[in-house]
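Participant: need a structure here:
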Amino acid sequence: MRYRVVLIALASSCLLAGCASGPGFALDAVNAGLKPAAAARADADAAGQKVLWGGRIIQVVPGPEHTTLEVVSFPLRRNQQPDTSGGSEGRFLMWYPGYLEPEDYQAERLVTVVGTVREARTGQVGEAEYRYPVIVVDELYLWPEQRESASEPRVRFGLGIGIMR
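Facilitator: Model prediction:
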């Protein structure tokens, strides 16, 4: 009986650890209410604010002093992963001090970042002019690629015997 309790506790711990994965950022002094679209409109009033944002990478441009990532922002889940099932919260640029490998930070990958709003800059999205808030990265998390299609089950249980020829 005692072994069953230990086994159940161990199995439960493993399951919970799998659910708790994420960046684990220190969120001291983060302005949770400031979203990218509002930061772009506020411009100077948003400068200096620490934010936690995430989204899907559009492009990566390494430069001599920092790497710039253009990101479409999405709301964050409880584990701080961007939730792309809803609408976007605007776009933002992030400046990472140093070099990020564009092969690793490809378009469509998900990122979550803690950083400080520096300024707003005007750029282009297609033919349209767009106002981007720019944040300087303090902490950055690149989410593992999701290779599972929506039609595949996410949890599988089974017992049985398989015979293959």
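Participant: residues near residue 24, how many?
Facilitator: 11 (other C-beta atoms under 10 Å). In this view, the C-beta of every residue, glycine as well, is placed from N, C-alpha and C.
Participant: quick one: it is in a helix?
Facilitator: No. Assessed with DSSP: H, G, I helix; E, B strand; the rest coil, residue 24 is coil; it does not lie in a helix.
Participant: Can you show me the strands along this structure?
Facilitator: 50-62, 66-73, 91-97, 110-125, 128-142 (DSSP state E).
Participant: and residue 104, what does it touch?
Facilitator: residue 142 (C-beta atoms under 8 Å, 6 or more residues apart in numbering).
Participant: Over to residue 111?
Facilitator: 54, 55, 57, 69, 71, 82, 105, 140, 141, 142, 143.
Participant: Just give the closest residue to residue 31, not the sequence neighbours.
Facilitator: Excluding its sequence neighbours, the residue lying closest to residue 31 (C-beta to C-beta, 6 or more residues apart in numbering) is residue 49, at 4.7 Å.
Participant: Now do the contacts for the one you found.
Facilitator: 31, 34, 39, 116, 117.
Participant: Just the buried residues of these.
Facilitator: Neighbour counting by 16 or more other C-beta atoms under 10 Å classes 34, 39, 117 among those as buried.
Participant: partner residues bridging the last one?
Facilitator: The reference is to residue 117. residue 135 (DSSP bridges).
Participant: coming back round to it: put together a markdown table for the strands of the chain, with distance to residue 27 and mean pLDDT on each row.
Facilitator: A markdown table is the format used below for those (distance: least, C-beta to C-beta, whole Å; pLDDT from 0 to 100):
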| stretch | distance to residue 27 | mean pLDDT |
| --- | --- | --- |
| strand 50-62 | 6 | 97 |
| strand 66-73 | 17 | 98 |
| strand 91-97 | 17 | 97 |
| strand 110-125 | 7 | 95 |
| strand 128-142 | 10 | 96 |
